[in-house]
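[1] Build me a model:
(2 chains)
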Amino acid sequence: DTGVSQNPRHKITKRGQNVTFRCDPISEHNRLYWYRQTLGQGPEFLTYFQNEAQLEKSRLLSDRFSAERPKGSFSTLEIQRTEQGDSAMYLCASSLNDQPQHFGDGTRLSIL
Amino acid sequence: AQSVTQPDIHITVSEGASLELRCNYSYGATPYLFWYVQSPGQGLQLLLKYFSGDTLVQGIKGFEAEFKRSQSSFNLRKPSVHWSDAAEYFCAVVVNTGFQKLVFGTGTRLLVSP
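    Here you go, the predicted model:
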């Protein structure tokens, strides 16, 4: 059973640099979600894809953030000009229609 | 606005003792409710879900939860805790805005003492 895969698991970067994360969902899942989790908090919704279409973006997703899901398979989340406040765990989840979401192990981002 | 409250930040339970983790939600319609568990450095694993029907739902690893509409609660229970249950537990409600957006509580960290 291949679950949701996220790479890298950890990313350390200097403030002002750009970073990109990748998420490979469960193969038959048509929906893909990104969440952000800061220390001591529950995950917060960032954005949602139905196949290749990005259908909703949270207000948390500033214009420095961009997400894509070309061809409706894997997804990438890019953060430009990183700031200290971007330090968090970035979680990806996927689902088949309205079935429960399955989460990956996340990418932990640390900004120096 | 829809929200989930987990009033207990930390709970310590002796191994073999029973467990109840509290969750209260605020949502106008009939909620879809979930409990997820997260081990350190890991993603979230689904323990159980409530969509409709029987208000007592069974999940994996011996967990169960009971939906009580009158109390707006969905508490998680386990009759006998194992050391491997030590983790962070999150309650979540689906906000159905055309897709299933999850709104999570802040989590309860479970510590298991020998």
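
[2] residue in chain B nearest to chain A?
    residue B:104 (3.1 Å; CB to the nearest CB). Where C-beta positions appear, they are placed from N, C-alpha and C, glycine not excepted.

[3] okay, now the spatially closest residue to that residue that is not a sequence neighbour: neighbour count?
    Ranked by CB to CB, 6 or more residues apart in numbering or on different chains and with sequence neighbours excluded, the top spatial neighbour of residue B:104 is residue A:42, at 3.1 Å. Look at residue A:42: counted by other CB atoms under 10 Å in any protein chain shown, it has 22 neighbours.

[4] correct me, but residue A:42 touches residue B:108?
    No. Contact status for residue A:42 versus residue B:108: not in contact, 10.3 Å apart, counting by CB atoms under 8 Å.

[5] re earlier: next up, the contacts around the residue of chain B closest to chain A.
    Residue B:104 makes contact with A:42, A:43, A:44, B:4, B:36, B:90, B:91, B:92, according to CB atoms under 8 Å, 6 or more residues apart in numbering or on different chains.

[6] Disregarding residues adjacent in the polypeptide, which is nearest to the most centrally placed residue in chain A?
    When CA atoms, centre = their mean is applied to chain A, the residue found nearest the centroid is residue A:34 (3.7 Å). Computed as CB to CB, 6+ apart, the closest residue to residue A:34 that is not its neighbour in sequence is residue A:46, at 4.2 Å.

[7] Hmm, residue B:27 is touching residue B:95, no?
    Yes. Look at residue B:27 against residue B:95 with CB under 8 Å: they come within range, at 7.5 Å.
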